[in-house]
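S.K.: here is a sequence together with a model predicted from it:
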Amino acid sequence: MAKMRITPARISLSPGPKADKDNLKTGCTSATQRPPSWADRLPLPPVQHDVAWLTKHWKPKERFETADQVRERRDKLVRLLENGENAARRVAKRLKRCKPQRRCGSGACPICGRRFRRWWVGEVLKLLSFTEITDGDNDAVVLSVTLVNRDHRRQAGQLHTLDLRKLIDQYRTQIKRAGLNVRFMVGAVDISFNIDGLKRWEPHWSPHLYLLVNGATSKAIREALERHLIADDAVPRPIRMRTVKNGVKAASYAWKSAFFQRNSFLDGLGRPNTWPYPMKPTQVRELMIYLDRYQPTDRLFLRNVRRHGWNLVPF
Ligand SMILES: [Zn+2]
């Protein structure tokens, strides 16, 4: 197995939302004067790796979001943000200005998010195409791994206190210190708002890291991370793993632009389970103000993979 390497510096996609700030300083605020953002420059993947084409004939629910759908989602989001506090209205203003060739680049924008996902899924599928996925619990399989650290929870209204970059760095350090060797690990942070139907714990934001891992067994991953990820009532299974059967689904799931409230309950056999519900407007506003502070790449976790131009390549 390849020797463990340190993941390279975080990808930076600029100028993005910060460019707007600079424009405000210089008085150049019109959409036509804004410089192109990363979302204008991001290349689309070839058809064989393009999730929009690959899922075209899937069931409507499983199909990749269409341009019309994300435009509708953006318009709905703008209305919801315009009904909120000043910070929410500022995000609404930015999303409203997102136009072809002058994309806003906000981490909260469904339109820019769709473009980013197409690029991301294309790059992950390319990585997976170098890998032979086989059955069985060995290090040849690609595993989907969901990690939840209870220290990252935040109460409603407190999401702004979570530093996304520190969260990623913490996982990176823990994986490195544990000496977990992998061929590659790629994924991203997702955030849900969790509510307990049995009222055993307070509702809270729950950030979780979703990874696709190749070159490590589930046993090795569990041994490396279990001392950091402690189970409790709110997260009975802080490490969840599955063998990836469908690379397209797994890759598109790894960086999501739709967010949910997750309600916990006990099923008929008394086992803990969760169900997704739409978020409440206050939750949507808090999350979008938060995501607007970041660029889509800030949510990414890469290990033994580096960016070369607009390509993610294993090293
Ligand atoms: Zn946008």
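M.R.: Sure, I can see it. Residues are numbered from 1 along each chain as shown.

S.K.: which residue packs closest to the spatially most central residue of the chain, ignoring adjacent ones?
M.R.: By CA atoms, centre = their mean, the mean C-alpha position of the chain lies nearest to Trp255, the distance being 3.5 Å. Excluding its sequence neighbours, the residue lying closest to Trp255 (CB to CB, 6 or more residues apart in numbering) is Ala188, at 4.3 Å. Any C-beta I mention is one placed from the backbone N, CA and C, and that applies to glycine too.

S.K.: just the CA trace of the helix or strand harbouring the one you found, in PDB.
M.R.: Element membership for Ala188, per DSSP states H and E: strand 184-196. In PDB, the C-alpha atoms belonging to strand 184-196 read as follows (Å, rounded to 0.1, in the frame of the first residue of the first chain):
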ATOM      1  CA  PHE A 184      -7.800   8.100  -1.800                       C
ATOM      2  CA  MET A 185     -10.500   9.800   0.300                       C
ATOM      3  CA  VAL A 186     -12.800  12.400  -1.300                       C
ATOM      4  CA  GLY A 187     -15.900  13.900   0.200                       C
ATOM      5  CA  ALA A 188     -17.500  16.900   1.700                       C
ATOM      6  CA  VAL A 189     -19.300  18.300   4.800                       C
ATOM      7  CA  ASP A 190     -23.100  18.200   4.800                       C
ATOM      8  CA  ILE A 191     -25.200  19.900   7.400                       C
ATOM      9  CA  SER A 192     -28.600  18.800   8.700                       C
ATOM     10  CA  PHE A 193     -30.900  20.200  11.500                       C
ATOM     11  CA  ASN A 194     -31.700  17.300  13.800                       C
ATOM     12  CA  ILE A 195     -34.800  17.000  15.900                       C
ATOM     13  CA  ASP A 196     -35.700  14.100  18.200                       C
END
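
S.K.: for the residue nearest to Trp255, grab the count of nearby residues.
M.R.: Applying other CB atoms under 10 Å, we find 21 residues neighbouring Ala188.

S.K.: quick check, it in contact with Thr297.
M.R.: No: using CB atoms under 8 Å, Ala188 is not in contact with Thr297, being 9.1 Å away.

S.K.: could I get the contacting residues of the residue nearest to the centre of the chain?
M.R.: Residues in contact with Trp255, defined by CB atoms under 8 Å, 6 or more residues apart in numbering, are 116-117, 120-121, 187-188, 296, 299-300.

S.K.: try 7 Å
M.R.: 117, 120, 188, 299 (CB atoms under 7 Å, 6 or more residues apart in numbering).

S.K.: okay, those in JSON lines with pLDDT, distance to Pro100 and secondary structure next?
M.R.: Shown next, in JSON lines, are these (pLDDT from 0 to 100; distance: CB to CB, whole Å; DSSP: H, G, I helix; E, B strand; the rest coil):
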{"residue": "Arg117", "pLDDT": "96", "distance to Pro100": "18", "secondary structure": "helix"}
{"residue": "Trp120", "pLDDT": "97", "distance to Pro100": "20", "secondary structure": "helix"}
{"residue": "Ala188", "pLDDT": "97", "distance to Pro100": "26", "secondary structure": "strand"}
{"residue": "Arg299", "pLDDT": "95", "distance to Pro100": "24", "secondary structure": "helix"}
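
S.K.: how near is Arg183 to the ion?
M.R.: Relative to the ion, Arg183 is positioned 34 Å away (CB to the ion, to the nearest Å).

S.K.: give me the neighbour count for that residue.
M.R.: Other residues close to Arg183 by other CB under 10 Å number 20.

S.K.: test my guess that it contacts Leu143.
M.R.: No: here Arg183 lies out of contact with Leu143, judged by CB atoms under 7 Å, at a distance of 11.4 Å.

S.K.: let me know how buried Pro278 is, in neighbour terms.
M.R.: Burial measure for Pro278: 11 neighbouring residues, criterion other CB under 10 Å.

S.K.: tell me how far it lies from the ion.
M.R.: For Pro278, the distance to the ion - CB to the ion - is 21 Å.

S.K.: can you pull the contacts of that residue?
M.R.: 260-261.

S.K.: figure out how far stretch 84-103 is from the centre of its chain.
M.R.: Remark: stretch 84-103 is offset 20 Å from the chain centroid, using CA atoms, centre = their mean, to the nearest Å.

S.K.: now it: buried residues?
M.R.: Counting neighbours by 16 or more other CB atoms under 10 Å, one finds that the buried residues in stretch 84-103 are 84, 87-88, 91-92, 94-98, 102-103.

S.K.: may I have that stretch as CSV, with CA atoms only?
M.R.: Written as CSV, here are the backbone C-alpha positions of stretch 84-103 (Å, rounded to 0.1, in the frame of the first residue of the first chain):
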residue,chain,number,x,y,z
GLY,A,84,-35.4,37.7,7.1
GLU,A,85,-33.0,39.8,8.9
ASN,A,86,-30.4,42.1,7.2
ALA,A,87,-27.8,39.3,6.8
ALA,A,88,-30.4,37.2,5.1
ARG,A,89,-31.4,40.0,2.8
ARG,A,90,-27.8,40.6,1.8
VAL,A,91,-27.6,36.9,0.7
ALA,A,92,-30.8,37.3,-1.2
LYS,A,93,-29.4,40.3,-3.0
ARG,A,94,-26.3,38.3,-4.0
LEU,A,95,-28.3,35.3,-5.2
LYS,A,96,-30.7,37.6,-7.2
ARG,A,97,-27.7,39.0,-9.1
CYS,A,98,-26.5,35.5,-10.2
LYS,A,99,-26.7,35.6,-14.0
PRO,A,100,-25.2,33.7,-17.0
GLN,A,101,-21.6,34.7,-17.4
ARG,A,102,-21.8,36.6,-14.1
ARG,A,103,-22.4,33.9,-11.6
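
S.K.: great, nothing more from me.
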